[in-house]
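Enquirer: Below are the sequence and a predicted model; questions follow.
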Amino acid sequence: MGRNGLKDAPDMHPSRRHLLLFAAIVAILGGAFLYAVWRAPEPIPPGSRPLEIHVLDVGQGDSLLIISPMGKAVLIDAGPPEAGDTVVSALRREGVHELSLVVATHPHADHIGGMVDVLEAFPVKLFLDSGQVHPTRTVARMLETIREKGIAFLIAEAGQEFELEEGITLHVLAPMKPPITHTRGDVLNANSIVLLLTDGSFSMLFTGDSERETERRLLQAYPSLSAQVLKVAHHGSRYATQQSFLERLRPEIAVISCGAGNRYGHPAQQTLDRLRAVVRAIYRTDIHGEITISVTRGSYWIETEYPTSPDVWVGRPSGLRSTGDQSVAVPGRARR
């Protein structure tokens, strides 16, 4: 994958005219507000920002944005239909002008419902799809938009790799062949695209809505699989994130994307209990809002839109609403 063509940040240094105007204002005010010296934001030089992963708050759905130090952007899923504007606004806020890669992990509306809004708002170099047939209006509109815009389209297969820039790679771990045809849950979920992001000593696993059978196959195919951060599968459903999978993966941090008051009981208490036995901390969009993981020089840290609450370890019975509590940043050390 080549450069994504993100425009360089504009020159934001104050001009001589601005400085003279500021000096005149200070003189008029008698210097009373000298402590509030105006400073324009400094542009971020290419390569100086950390690798960032934003777990967007899209309610009951998934949407994750990866931005490399050089500004290449990857979007994994686009949330439910009502979240399209939220996703587009988040990308613009983060300075995204073009998407190098867009991934639809599987064709359920809570993952691709906002995709047309994204495809209409940004140029996209490559679209990676699970290849699963799901004849809905949402899927049809997405595929038609991809065709109309002439976006390169690729079916995901285990073994594919996408290099964002030197040293930062997305590895496709699933779906595998042959596809999963029998599962306790949903076949579309079980054949989700699973991605491993690696940056030197840091790694994060993106699991879509994968299920027990997906995890079993992953353990067989990748016996040394590990990740510092886990995007928990299927919004914390009890039908995924099994103990055997967690014991092999040994994540330090888990993040869950789910909606407050969702009717599915996500995240399930059984899943939270299994996670609690392994991870150091857990973050949930229904409690913390947007979650940002930043990676640089072998270390990572986590910031959230809101602070945390003891309720982070409490599952959601159907219909229970979030108390709106919030989280603190927790630093981490990438594995050597």
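Expert: Ah, there it is.
Enquirer: need the next SSE after the least confident helix or strand in the chain by mean pLDDT, C-terminal direction.
Expert: Lowest by mean pLDDT, DSSP states H and E among the helices and strands of the chain is helix 16-28, with a mean of 38. Downstream of helix 16-28, the next assigned helix or strand under DSSP states H and E is strand 51-55.
Enquirer: Any figure for the gap between G261 and H235?
Expert: Distance, G261 to H235, using CB to CB, to the nearest Å: 13 Å. Bear in mind the C-beta positions are built from the backbone N, C-alpha and C, glycine included.
Enquirer: Neighbour count: the two, which is higher?
Expert: H235 (26 against 14; other CB atoms under 10 Å).
Enquirer: Go ahead and confirm that one touches Q60.
Expert: Yes: between H235 and Q60 there is a contact under CB atoms under 8 Å: 6.9 Å.
Enquirer: what do the two both touch?
Expert: Taking CB atoms under 8 Å, 6 or more residues apart in numbering as the criterion, H235 and Q60 both touch C258, N262, Y264, H266.
Enquirer: hang on, the first one is in a strand, isn't it?
Expert: The one in question is C258. No: read with DSSP: H, G, I helix; E, B strand; the rest coil, C258 is coil and lies in no strand.
Enquirer: just to revisit the earlier point, the shared contacts of H235 and Q60: which two are farthest apart?
Expert: C258 and Y264 (8.2 Å; CB to CB).
Enquirer: Mind telling me what element F245 is part of?
Expert: With DSSP H and E as the criterion, F245 is inside helix 243-249.
Enquirer: what mean pLDDT does that helix have?
Expert: For helix 243-249, mean pLDDT rounds to 96.
Enquirer: ok, C258 and Y264, which is more surrounded?
Expert: Per other CB under 10 Å, whichever of C258 and Y264 has more neighbours is C258, with 28 against 16.
Enquirer: what about P307, which SS state?
Expert: Secondary structure, three-state DSSP: P307 is coil.
Enquirer: Are we agreed that T145 is in a helix?
Expert: Yes: T145: assigned to a helix according to three-state DSSP.
Enquirer: Which parts of the stretch 201-336 of the chain are strands?
Expert: 202-206, 229-231, 253-256, 281-284, 291-296, 299-304, 330-333 (DSSP state E, counting those that start in this stretch).
Enquirer: For the second one, report the contacting residues that lie outside it.
Expert: Strand 229-231 has contacts (CB under 8 Å, 6+ apart) with 53, 55, 62, 64, 203-207, 241, 249, 251-255, 257, 279, 293, 300.
Enquirer: Let me know how buried R137 is, in neighbour terms.
Expert: Neighbours of R137 (other CB under 10 Å): 8.
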